[in-house]
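>>> Sequence first, predicted coordinates after that:
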Amino acid sequence: MSESASDKTNSVATTQQDAALQGTVGDGDQYLTFTLGDEEYGVDILRVQEIRAWDTATPIPNTPPYVKGVINMRGTIVPVVDLRERFGMETLEYTQFTVVVLVKVIHGDRERIMGLIVDALSEVYGINEDQLRPPPEFGTVIRTDFIRGLATMEDKMVIVLDVDSLLGEDAGVGGDGD
Amino acid sequence: MSIDMNQFLQTFFEESFEGLDDMENGLLNMTAGEPDVEQLNDIFRAAHSIKGGAGTFGLNSVTDLTHKLETLLDRLREGESEVTTDGINLLLESVDCLRSLLQAERDGTEADPQQAADITTRLAAMVDGGDGDSSSNGKDGDDAGSTAAADDGSGPGGGWRIGFTPEPHLFMTGNDPLRLLEELSELGEIQVSCDSSSLPALPDLDPEQCVLSWTIDLYGDVERQAIEEVFEWVEDDCSLTIAPLELAAGDTTTAPETASDPQAASAGEPAGDDTPQKPAQQSSGGNASTSSSIRVDTGKIDNLIDMVGELVITQSMLNELGENFTMDKLEKLQDGLAQLERNTRELQENVMRIRMVPISFAYSRLPRMVHDLMRQLGKKVDLQLNGEETELDKTVMEKIIDPLVHLVRNAMDHGIEAPEKRAELGKQETGTLEMNAYHKGGYIVIEINDDGAGISRDRLLGKAREASLVDNGEELSDEQVFDFIFHPGLSTHDEATDVSGRGVGMDVVKRNIKALGGNITVNSTPGRGTRFAIHLPLTLSILDGQLFRVGDQVYVVPLISIMESLQMQGGKIKRMAGTSELYEWRDDYIPIIRLRELFNETGGGALENELMVVVEEDDRYVGLHVDELLGQQQVVIKSLKSNYRPVTGFAGATILGNGTVALILDIAGLLELAQARDEVLTKGANN
């Protein structure tokens, strides 16, 4: 019975992913972008394991508020993080467009899957390494080591995130592995 | 067609390591002067099968050594030589040496040829000289061994020239020259030149024909036989010449190993007498690499087959029922489903049972370690192992070995006193180290008891005060004090020794056991001894759980920790200092933990008529206030930390029938959480 439920979410997710993939713009490494409010963020598409529509997560008591809980990703338990709350942005109620992007986080020799709750999916951009501008050293609320760089795509600024440090051990999400 | 020998090789290694363990155990049980023929026979048999296997796979170094070992064992068995302590120690060393040779072969690394040669010579000396003194023979053996190694079937200078001209149809036989060259390169340094003179012009080239031939110069101490074995599968499909390499003056530099070997080896082993220490360390290091296969009793497998048979029958019955189902068959369908559930459960239990191995597997390396430590520390210890048949999950077993070894080392070093001191104290000179393993509830308990010096409570408390872990004047229970022994950096021994005492380790022991979902406790009486008790879950992956609801969430609590579930009676709810709530239960007052509060859920009011689950952890009882009790079911434990991190209070998570995730409570962690919260509250109240 759990199969049918997850099948449905998967199919929703694939259509969104397909739509995003068709709109690929530019050369270079591909980044999947999503929005938080008016801002556009990107993650390395090779790290994206799955995209699914928001469904309830099981909250874990006594964890940071931005950890929304754990979900069942085909038999494995995966934590999901509300990116808005992680960045200290104003929270938003989850809607049918709210998306969970499951990314692979590599830290040392440990690989983990984590979910990012974002407002909506946007595009897939090809961004060359030389198109990445360093983030400003101050004036951002997001710790600069979470940001790999800023890129301009179709007159929009895309903030390319470094998922490894964003969700890594010292970011309050990972913690002691053993 | 070449057969993949690797799969057999793997089995050979496993069997050989087991054989070596058997030999070791047999040797440790042997007493000088009293040869037990039965035991010698067992050791002999183990050695013999290793020799046989090694011969098949062409591991000549192993064959040679086992052969010498057999000769000596045979003499001992026939009563021609006497069993002496030196003899036993030499045999133990040979076992170590064989183990490192086999490990080197398995891992593809270079074994120390000097060690083998040394042992071989000493074995030979002991065979010749009856019960000759091993250490002096060992020293003489150094030179003899090295010359023997140099002569032993290797090329006259240190290399071979191999001419390899395959027949054109070589590829058809499934052989690849590259693979052969790679295999050769594993034997030693090679220089390959390829003769492409018979290569036709590109248009005439048939890619399925092999037209190349090679000349390979192989440097190093390689036996001709080893080279022939490389070409064993292509012998009939090629012309092969193997000739000793003419050692030109300049070539000496390319083969340095042979020249410098004796010196290097003898420098690395300055004192022949101290060798037992070195091999012992090697062997313990090697044992840590665990094989991923498991030996299963055929009975268990037959059981599984029966069960799968039943499952198939149930399935076909349900199938038939489903094909033309009418409502009047509903009862039959329900019966069928119940049967299916029973089958599945039995199958699951039996599959889990396959992973269960007896604890003797973990015990097996202790006698040898104790034997070596006795020599090293000059102590006398009688090691008693009880409950060897107790089974536990293989994964748990593998992870518990290191903590056990550590505890035993500690007991040997700090616990049991030197014979003189024991005599002074009026104890028996020989100390006792007793290990017990047994099942209790859903747990396996492993106890380590020694009758040594014990831990001084005051001293430990003093150390804890020094490290500012305890406030002066704070009173602690024995249990709390002894728990400091697991605190990192705290050692009651003022001087660190080689064996232990640096204050590292006990914290690791505790952490490892915690990571397995277990627990360790200490109890000690100064002068009388120390007792460690380890509680471990039987299996890591499945548990019988009671589902309950708190707020909107469903949680699981392991059924084995539940003592009783009840509806609270108003008159039995008591208060302490206005805040702590207690419940009168079986002539006892137990604290009530409001899970809603602990899990930061809103709500919560009067407890009267509410549900409470009484759980036990380590002889402590608490009542968990829950909103609703749901069903009981077996749940598969999924790790929270594999993608997230361990969370205090939760042993893991599981996936329920509807696909959602439910968290599994860890009672010990839960108590910690509740205690931490209480402390915050008390501090707030007292300030």
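Nice, thanks for sending it over.
>>> ok, how many other residues are close to the nearest residue to A:F97 once chain neighbours are set aside?
Excluding the flanking residues, the one nearest A:F97 by CB to CB, 6 or more residues apart in numbering or on different chains is A:A120, at 4.8 Å. Glycine gets a C-beta too; all of them are placed from N, C-alpha and C. The local packing of A:A120 (other CB atoms under 10 Å in any protein chain shown) involves 12 other residues.
>>> again with the one 3 residues further on
The burial count assigned to A:E123 is 23, neighbours taken as other CB under 10 Å.
>>> quick revisit: ok, what's across the strand from the residue nearest to A:F97?
Listed by DSSP bridges, the beta-bridge partners for A:A120 are A:T35.
>>> show me what contacts it?
By CB atoms under 8 Å, 6 or more residues apart in numbering or on different chains, A:A120 lies in contact with A:F34, A:T35, A:F97, A:T98, A:V99.
>>> residue ranges of the helices in chain A, please?
Secondary structure of chain A (DSSP state H): helices located at A:2-22, A:83-86, A:163-166.
>>> residues from the stretch 251-400 of chain B in reach of chain A?
For the stretch 251-400 of chain B, no residue is in contact with chain A (CB under 8 Å from any CB of the partner chain).
>>> With adjacent residues omitted, what lies nearest to the residue of the stretch 251-400 of chain B found nearest chain A?
Going by CB to the nearest CB, chain A is nearest to B:K399 of the stretch 251-400 of chain B, at 11.3 Å. Closest residue in space to B:K399, ignoring its immediate chain neighbours: B:L516 at 5.7 Å, by CB to CB, 6+ apart.
>>> where exactly do the strands run in the stretch 551-687 of chain B?
Applying DSSP state E, counting those that start in this stretch to the stretch 551-687 of chain B gives strands spanning B:553-558, B:562-567, B:573-576, B:580-585, B:588-594, B:611-617, B:620-626, B:628-636, B:650-655, B:661-665.
>>> quick one: contacts of the longest one?
With CB under 8 Å, 6+ apart as the test, strand B:628-636 has contacts from B:345, B:348, B:541-549, B:554, B:556, B:559, B:565, B:611, B:613, B:654-656, B:662, B:664.
>>> which of these count as buried?
The neighbour count (16 or more other CB atoms under 10 Å in any protein chain shown) marks B:542-543, B:545-549, B:554, B:556, B:565, B:611, B:613, B:654-656, B:662, B:664 as buried among the contacts of strand B:628-636.
>>> Now the buried members of the contacts of A:A120.
Taking 16+ other CB under 10 Å as the criterion, what is buried in these is A:F34, A:T35, A:T98, A:V99.
>>> Which parts of chain A are strands?
Here chain A has its strands, by DSSP state E, at A:29-36, A:39-44, A:48-53, A:67-73, A:76-82, A:99-107, A:110-118, A:120-127, A:147-153, A:156-161.
>>> quick one: low-confidence ranges for chain A?
Along chain A, segments meeting pLDDT under 70 span A:1-27, A:139-141, A:168-178.
>>> okay, now B:S239: neighbour count?
Residues near B:S239, counting by other CB under 10 Å, number 11.
>>> Neighbours of the nearest residue to it once chain neighbours are set aside, how many?
Of all residues not flanking B:S239 in the chain, B:T165 sits nearest, at 4.8 Å (CB to CB, 6+ apart). Neighbour count of B:T165, defined by other CB under 10 Å: 17.
>>> do the one 5 residues further on as well
Neighbour count for B:L170, taken as other CB under 10 Å: 21.
>>> ok, now which ones touch the nearest residue to it once chain neighbours are set aside?
Counting by CB to CB, 6+ apart, the nearest residue to B:L170 once its immediate chain neighbours are dropped is B:C210, at 4.3 Å. Counting by CB under 8 Å, 6+ apart, B:C210 touches B:P166, B:E167, B:P168, B:H169, B:L170, B:F171, B:P177.
>>> I'd say the second one and B:L240 touch.
No: in terms of CB atoms under 8 Å, B:E167 does not count as a neighbour of B:L240; the distance is 11.1 Å.
>>> shouldn't B:L333 be in contact with B:M317?
No: the pair B:L333 / B:M317 is not scored as a contact, 9.8 Å apart, by CB under 8 Å.
>>> sec struct for the residue nearest to B:S239, please.
Assigned by DSSP: H, G, I helix; E, B strand; the rest coil, the conformation of B:T165 is strand.
>>> and it, what pLDDT?
With respect to pLDDT, B:T165 scores 82.
>>> Name the residues of whichever strand or helix holds B:T314 that are buried.
Here B:T314, judged by DSSP states H and E, is contained in helix B:298-323. For helix B:298-323, the neighbour count (16+ other CB under 10 Å) marks B:N303, B:L304, B:M307, B:E310, B:L311, B:T314, B:M317, B:L318, B:L321 as buried.
>>> The fifth one and B:A674, how far apart?
Okay, so that is B:L311. 44 Å (CB to CB, to the nearest Å).
>>> B:T395: how many residues sit nearby?
By other CB under 10 Å, the residues close to B:T395 number 14.
>>> what about it, which helix or strand?
helix B:394-410.
>>> Only the C-alpha atoms, please, for the helix or strand following that helix, written as CSV.
For helix B:394-410, the succeeding helix or strand toward the C-terminus, using DSSP H and E, is helix B:419-424. C-alpha atoms of helix B:419-424 as CSV (Å, rounded to 0.1, in the frame of the first residue of the first chain):
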residue,chain,number,x,y,z
PRO,B,419,52.0,-13.6,41.9
GLU,B,420,54.2,-12.3,44.8
LYS,B,421,51.7,-9.6,45.7
ARG,B,422,48.9,-12.1,45.6
ALA,B,423,50.8,-14.4,47.9
GLU,B,424,51.4,-11.4,50.2
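>>> outside of helix B:419-424, which residues touch it?
With contact meaning CB under 8 Å, 6+ apart, helix B:419-424 is reached by B:G378, B:K379, B:K380, B:I416, B:Q428, B:E429, B:T430, B:G431.
>>> Please name the residues that touch the third one.
Spelled out, it's B:K380. Residues in contact with B:K380, defined by CB under 8 Å, 6+ apart, are B:M374, B:P419, B:E429, B:T430, B:G431.
>>> Close to chain A: what parts of the stretch 501-650 of chain B are there?
When proximity is defined by CB under 8 Å from any CB, the stretch 501-650 of chain B lies next to chain A at B:511, B:515, B:553, B:598-600, B:638-650.
>>> Cheers, nothing more for now.
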